[in-house]
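>>> okay, here's the prediction I keep looking at, along with the sequence it came from:
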Amino acid sequence: MAKLYEIYGTDAHSMTVSLMQAARVSKMIPPGASIALKPNLVLSGAPDTGATTHPGVLSGCIAYLQSEGFADICVMESSWVGDSTDRAMKVCGYDKVCENYGVPFYDLKKDQTRRVQTALRPMEITCRSLDADFLIDLPVLKGHCQTAMTCALKNLKGCLPDREKRRFHSDGLMEPIAALGAVLKPALVIVDSICGDLNFEEGGNPVHTNRMLLGTDPVQMDAYGCRLMGLRLEDVPYIQLAERWGAGSTEIGAEDVVTLNEPTEGAEYPAASGLVKRLTRGVQAESACSACYAALVRALYLAQQEGLRVPDKIVIGQKWRGKQLSALGVGNCCSGASDCVKGCPPTPDAILNCFRDRA
């Protein structure tokens, strides 16, 4: 089985270098290979919010690779629908990392695409992602309001154009994530689990678990992430689907985990809270995009903090487009609802103000 390497601490740069040295990553990479680093820049949020990959992970990767003689290195990513990749990379400090190390950053929203056949259907995937000789996946281990958790496999969704991301949601997310993972296999996965938000993909409630992980199998890595977060594989259906379609293996033996140092204070993961499920009891979501759904969940959370009563029926998602509904609609797709918070996506504040106005 593939090995998983685990390290504890808070210095993302030095932890990344130590992981890559322990795994002898340089021996995995063909001489002269083009290397692409794919972090998580889902939105314009600082890493300490628990949403995005720490810049030290990038700098540690690049420093290690350059010290081993590799020169053809780039960073590439696209933020979720509705946010700017360029703004996000500056908020996260990636512009300074790339400048310091002389490495280009590519916004995949602007990249060409190719149609690739998958186990589910043909998909449009960005050319830079497909053409990299050695793809390094740099996700954050964190919660997600639609898929329970996100890590190695789901982070590959940033390698798609926005139109394909929207289609992922209309297809229900689970199957397309699994199918993508089977055709766009990263050669290496380095996980930032220093302070991921274990409930919300967009961050805001970071949990300081102070660790990082390295492996070569994204399915195995996601299965281990589930274990750390107290989730069952059945709670995250795309993981076993990805295994079935050849993306990797969920098997993890005790001998497969190599721990490089001793745990530090705050390194334990709390039990799964079930918070999102409770908040969204009255929500009818049909093919909702992540940015829109996350905004709603954040607004519901803030409304709970304020003690506001929220509508009994809320609709959200692409499949409500053009339908007349007696409900509160969230997002432009639900403009046929009797009341609607418009936007693509609407902001959490706009949704929260709607709740306040109804109180």
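Looks like it arrived, so ask away. Residues are numbered from 1 along each chain as shown.

>>> chain center to stretch 255-275, what's the gap?
19 Å (Cα atoms, centre = their mean, to the nearest Å).

>>> span of it from start to end?
Its first and final residues considered, stretch 255-275 spans 34 Å by Cα to Cα, to the nearest Å.

>>> pull out the buried residues from the longest helix belonging to the chain.
What stands out as the longest helix in the chain, according to DSSP state H, is helix 290-306. Within helix 290-306, the residues that count as buried by 16 or more other Cβ atoms under 10 Å are 290-303. The C-beta positions use only the backbone N, C-alpha and C, and glycine is treated the same way.

>>> hmm, who's touching it?
Contacts with helix 290-306, where a contact means Cβ atoms under 8 Å, 6 or more residues apart in numbering, come from 42-43, 80-83, 144-146, 169, 200-202, 204, 275-276, 279-280, 283, 285, 288, 310, 314, 316-317, 330-331, 333, 343-349, 351-352, 355-356.

>>> if we use 7 Å, what do you get?
With Cβ atoms under 7 Å, 6 or more residues apart in numbering as the test, helix 290-306 has contacts from 80-83, 145-146, 200-202, 204, 276, 279-280, 283, 285, 310, 316, 330-331, 345-348, 351-352, 355.

>>> from residue 76, how far off is the residue most central in space within the chain?
The residue lying closest to the centre of the chain (Cα atoms, centre = their mean) is residue 155, at 4.2 Å. Going from residue 155 to residue 76 by Cβ to Cβ, to the nearest Å gives 12 Å.

>>> what touches both of the two?
residue 38.

>>> residue 145 - nearest residue in space that isn't next to it in sequence?
Once flanking residues are discounted, residue 145 sits nearest to residue 297: 4.4 Å by Cβ to Cβ, 6 or more residues apart in numbering.

>>> now do the buried residues in the helix or strand encompassing residue 243.
Using DSSP states H and E, residue 243 sits within helix 238-244. Buried residues in helix 238-244, counted by 16+ other Cβ under 10 Å: 238, 239, 240, 241, 242, 243.

>>> show residues contacting stretch 256-273.
1-9, 18, 22, 199, 207-211, 228-231.

>>> can you do 8 Å?
1-10, 18-19, 22, 198-199, 207-211, 220, 224, 228-231.

>>> domain map for this structure?
By the assignment in automatic domain parsing, the chain contains the domains 4-259, 275-358.

>>> most packed of those domains?
When you average the neighbours per residue for each of the domains of the chain (mean count of other Cβ atoms under 10 Å), domain 4-259 leads with a mean of 20.

>>> start to end distance for it?
Start-to-end, domain 4-259 (Cα to Cα) is 8 Å.

>>> could you pull up the mean pLDDT of it?
The average pLDDT for domain 4-259 rounds to 96.

>>> before I go, just wanted to say thanks for your time.
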